[in-house]
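In: predicted model and sequence follow; I will ask about them next.
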Amino acid sequence: MKHGAPCCKIKRAPLVRETEASRPRRDAMRRAQLLSIACCTTVLSTPAAAADIRVLATGVYASSLRDLIALFERQTGDQLVLTITNAGGVLAKLAAHEDADVVMTASAGVDTLAARGDVRAETKVEVARTRLGAAVKSGTALPDLTGEAGFRETLLAAPTVAYIDPRGGGTSGAFFDVMLTRLGVIDAVHAKAVLCATGAEVAAAVASGRATIGLTQASELIDAPGVAFAGFLPDALNASTPYAAAVTTRTQVQRSARAFIAFVTGPTGSARLKQAGWNVPPH
């Protein structure tokens, strides 16, 4: 091999001269390439669309959720639609295939819904526990709730007593009948009972003067307008009910639904629940 000779031959592509006829085709191809790049850029730079999250919850959550939903919407841009009913109403609405993304009810109720295939069992999160309390109209002397004897006398002395209808599907209704039987006052209280479907109705009956004293979950009384929270029922008569949340099997916004549950059980949500009388576990 001679000095300076190339070690291999390079085959060059033949030059193609641009003609008048080929220019339109070239311009069309360039426009198509630019349009493709612009479309990709638009897709990559567009933020995720806000979700509409439908929350189906029992009344114990009502006051806390209304505050938390407003905070969550401002932070995420998502829009939430809240439906409040009692525990029986939650079961009935999902059995009727009403739309919901998040369900918040008693922990046992969530388990029932999971067994029925209405919620995803793996998404269940324990939220907190709530206890039963009593309330009277604002400005009224608070009743004696220090022990069983004092509470029994309070019930007998009250002209009217509001609590959850045991036949209405509410979590605490059946429990109250058992408690009144134990105290030996069930007939006396039944004769002057103002039976309500939800805790909000119990509070409203007291605020309006239709009932002298109201009994329901404390979280439904502490923030209620027109009433004074008298305190929790005596420990020996009380019930601590665990509540939970889960994502439904029919949701189309599972990620956003789970994010809302995480927000409710996170620091901000837990602080608000504590204000409403909940016993919040460490998460």
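Out: Happy to help now that I have it.

In: so the closest residue to Asp118 other than its chain neighbours: helix, strand or coil?
Out: Distances taken as CB to CB, 6 or more residues apart in numbering place Leu94 nearest to Asp118, at 4.4 Å, with adjacent residues excluded. For every residue, glycine as well, the C-beta is placed using N, CA and C. Secondary structure, DSSP: H, G, I helix; E, B strand; the rest coil: Leu94 is helix.

In: hmm, Leu94 is touching Leu56, no?
Out: Yes - with contact defined as CB atoms under 8 Å, Leu94 counts as touching Leu56 (7.3 Å).

In: list residues touching both of those two?
Out: Common neighbours of Leu94 and Leu56, counting by CB atoms under 8 Å, 6 or more residues apart in numbering, are Ala100, Val103.

In: coming back round to it: and the residue nearest to Asp118, how far is that from Ala87?
Out: Leu94 sits 12 Å away from Ala87, going by CB to CB, to the nearest Å.

In: check which helix or strand Ala174 maps to.
Out: Using DSSP states H and E, Ala174 sits in helix 173-183.

In: let me see the mean pLDDT of that helix.
Out: Helix 173-183 shows a mean pLDDT of 91.

In: residues in contact with it?
Out: 132, 148, 151-152, 155, 163-167, 186, 189-190, 215, 237, 239.

In: just the CA coordinates of it, formatted as PDB?
Out: Presented in PDB, the C-alpha positions along helix 173-183 are these (Å, rounded to 0.1, in the frame of the first residue of the first chain):
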ATOM      1  CA  GLY A 173     -79.500   3.900  67.000                       C
ATOM      2  CA  ALA A 174     -79.600   0.300  68.100                       C
ATOM      3  CA  PHE A 175     -76.900   0.900  70.700                       C
ATOM      4  CA  PHE A 176     -79.000   3.600  72.400                       C
ATOM      5  CA  ASP A 177     -81.900   1.100  72.900                       C
ATOM      6  CA  VAL A 178     -79.500  -1.400  74.500                       C
ATOM      7  CA  MET A 179     -78.100   1.400  76.700                       C
ATOM      8  CA  LEU A 180     -81.600   2.600  77.800                       C
ATOM      9  CA  THR A 181     -82.600  -1.000  78.600                       C
ATOM     10  CA  ARG A 182     -79.500  -1.400  80.800                       C
ATOM     11  CA  LEU A 183     -80.400   1.800  82.600                       C
END
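
In: following element in sequence after that helix, please.
Out: Next along the chain after helix 173-183, taking DSSP H and E as the criterion, comes helix 186-190.

In: so which residue is dead centre in this structure?
Out: Ranked by distance to the mean C-alpha position of the chain (CA atoms, centre = their mean), the top residue is Met104 at 4.8 Å.

In: identify the residues contacting whatever helix or strand that one lives in?
Out: Using DSSP H and E, Met104 maps to strand 102-106. The contact list for strand 102-106, computed with CB under 8 Å, 6+ apart, reads 53-58, 61, 65, 87, 90, 94, 110, 113, 118-119, 127, 171, 241-248, 251, 257, 260-261, 264.

In: what angle sits between the very next helix or strand once past it and strand 102-106?
Out: Counting by DSSP H and E, the element after strand 102-106 in chain order, helix or strand, is helix 107-116. Put simply, helix 107-116 runs at 130 degrees to strand 102-106, going by axes from the mean of the first three to the mean of the last three CA atoms, to 10 degrees.

In: which strand is the longest one in this protein?
Out: If you go by DSSP state E, the chain has its longest strand at strand 125-137.

In: so which bits of stretch 184-199 are buried?
Out: Within stretch 184-199, the residues that count as buried by 16 or more other CB atoms under 10 Å are Val185, Ile186, Ala188, Val189, Ala193, Val194, Leu195, Cys196, Ala197, Thr198, Gly199.

In: which of the residues you listed sit farthest apart?
Out: Distance extremes for the buried residues of stretch 184-199: the farthest pair is Ala188 and Thr198 at 24.3 Å, using CB to CB.
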